[in-house]
Every structure is written in C-alpha cells, then in structure tokens.
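Trainee: I would like the atomic coordinates for the input below:
(2 chains)
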Amino acid sequence: DAGITQSPRYKITETGRQVTLMCHQTWSHSYMFWYRQDLGHGLRLIYYSAAADITDKGEVPDGYVVSRSKTENFPLTLESATRSQTSVYFCASRVKREIALGEQFFGPGTRLTVL
Amino acid sequence: AQKVTQAQTEISVVEKEDVTLDCVYETRDTTYYLFWYKQPPSGELVFLIRRNSFDEQNEISGRYSWNFQKSTSSFNFTITASQVVDSAVYFCALSGARWDQGAQKLVFGQGTRLTINP
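Mentor: Predicted structure coming up:
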C-alpha cells in the first residue's frame, strides 16, 4: 500500500546497543523528516533530508545518525542507545520544500524503549 | 525563535459539551503557517487544518472550528457538541513559510490531552 511505513513499530533495547529505525515512503517525496515525541515536549525535529544524500540536523540531533541513499528510505540510527532516547519516533515526508505547497504526512510511529 | 505553547495539559469534559483548546505562538516571521493535529489513542498523527498567517478568517468544519487572532498570537480550536471519539491528544504547530525561515520543521506545542466522558 502507498504511504509511509515505519519498522519496527515497537522496540526494546539496552543501553549502549545500536538501533536502527526504518522509514519507507512510496510517494517519492523529496523531503523526509524524523521527529521524536516526548511527554511535555510535543514533537521535536531530529534530522531532515531534502533529497537522497542530503541530510541536515534538526533541533535535537545528538546521539543520532541518518542516511539517505535512496529517495524512499530514511533510516535513523542510535549508535549507542541511552535511556534518554526512550521515546516515540515519527517519520514524515512531503513533496514540496515549502509546507504551504504540500501536505506533510506522518508515519505510524515507532515506540522505542531503552533499558 | 519559534515557539508554540499549549497551556492546557489535560481537559476532561462530558459528552456534548463544547470545548476549546488554546494555542499561543511566537514567531518573528511575517508569513508563517499554523496547524492542528490530532493523535488518537492508536498513536498516529492526523492532520486537521493548516492556516496561512495572512488568512485570519475563522474556519468551521463540521463540529470543529478554529479562531485565528494575529493580534494575540493565538490559534484556538473548538469542538462543538463533543463526542467520545474526539478523545485524543491535540497538537498545535507552527512552521515558517520559507526554508530560510524554518519551513523545514514543524514546531509543536506540548499537546493537550482531551478526554470526553460519556
């Protein structure tokens, strides 16, 4: 089906382990985003990408790495997970650079728990 | 810097009551966009509305209405005759209009958890 999918939907890991959250979209949108949702903070931007091989930091990038070798995929890696990275992670995409020109779509989210 | 404040952390009302969710924002930009998203218990984010800063007309969509007041930097959301299915967390968000004005991100408020009791 068309849309944004995230995998896994739920993940439990231990402090210090590497974890990769996957995001896949079928629309060939140029722009993709990773947000984390924490109680009391709403959603905050971690990283974004304007196209394949073009990524940039958002508001809270520390401890995360992204890559975008293909337009449709935007994986987020926690190189050494910490408890403070326990959160719900949302991937999003849109076709246009300016949000006024196109809808931004969110994936279903990945709930990550770091023990 | 852009900021969105939703001062109401939780609201609980009885079904059929009207309820207003407050949203106050800060931005130095003259052109910007405001949004409301709904997050039901299932967890996904559902887009409700996008409003351009130049368009101060109130909008109504069924039981939902939005009051945008630039003078007070507010973009409040009212649900009329609330229903149990309206129970969710609601987020207000702000984005710059241009890439160099922060259009690459949505700045979210903290969210308001709305519970509609039968």
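
Trainee: got the residue ranges for the strands in chain B?
Mentor: All strands of chain B, identified by DSSP state E, fall at B:3-5, B:10-14, B:19-21, B:24-26, B:32-39, B:46-52, B:59-61, B:64-69, B:74-79, B:88-96, B:107-108, B:112-117.

Trainee: of those strands, which shows the lowest average pLDDT?
Mentor: Lowest mean pLDDT within the strands of chain B: strand B:59-61, a mean of 87.

Trainee: what residues sit buried inside stretch A:76-88?
Mentor: By neighbour count on 16 or more other Cβ atoms under 10 Å in any protein chain shown, the buried set for stretch A:76-88 is A:76, A:78, A:81, A:85-88. C-betas here are computed from N, CA, C, even on glycine.

Trainee: quick one, what contacts residue 16?
Mentor: In the absence of a named chain, chain A is used. With contact taken as Cβ atoms under 8 Å, 6 or more residues apart in numbering or on different chains, A:Gly16 is in contact with A:80-81.

Trainee: meant chain B, my bad for not saying
Mentor: Applying Cβ under 8 Å, 6+ apart to B:Lys16 gives the contacts B:81-83.

Trainee: most neighbours of all the residues you listed, which one?
Mentor: Using other Cβ atoms under 10 Å in any protein chain shown as the neighbour criterion, B:Ser82 leads the contacts of B:Lys16 with 22 neighbours.

Trainee: what pLDDT does that residue get?
Mentor: On the pLDDT scale, B:Ser82 gets 96.

Trainee: what bridges to the nearest residue to it once chain neighbours are set aside?
Mentor: Nearest residue to B:Ser82, sequence neighbours excluded (Cβ to Cβ, 6 or more residues apart in numbering or on different chains): B:Ile116, at 4.8 Å. Note on B:Ile116: beta-bridge partners B:Val13, judged by DSSP bridges.
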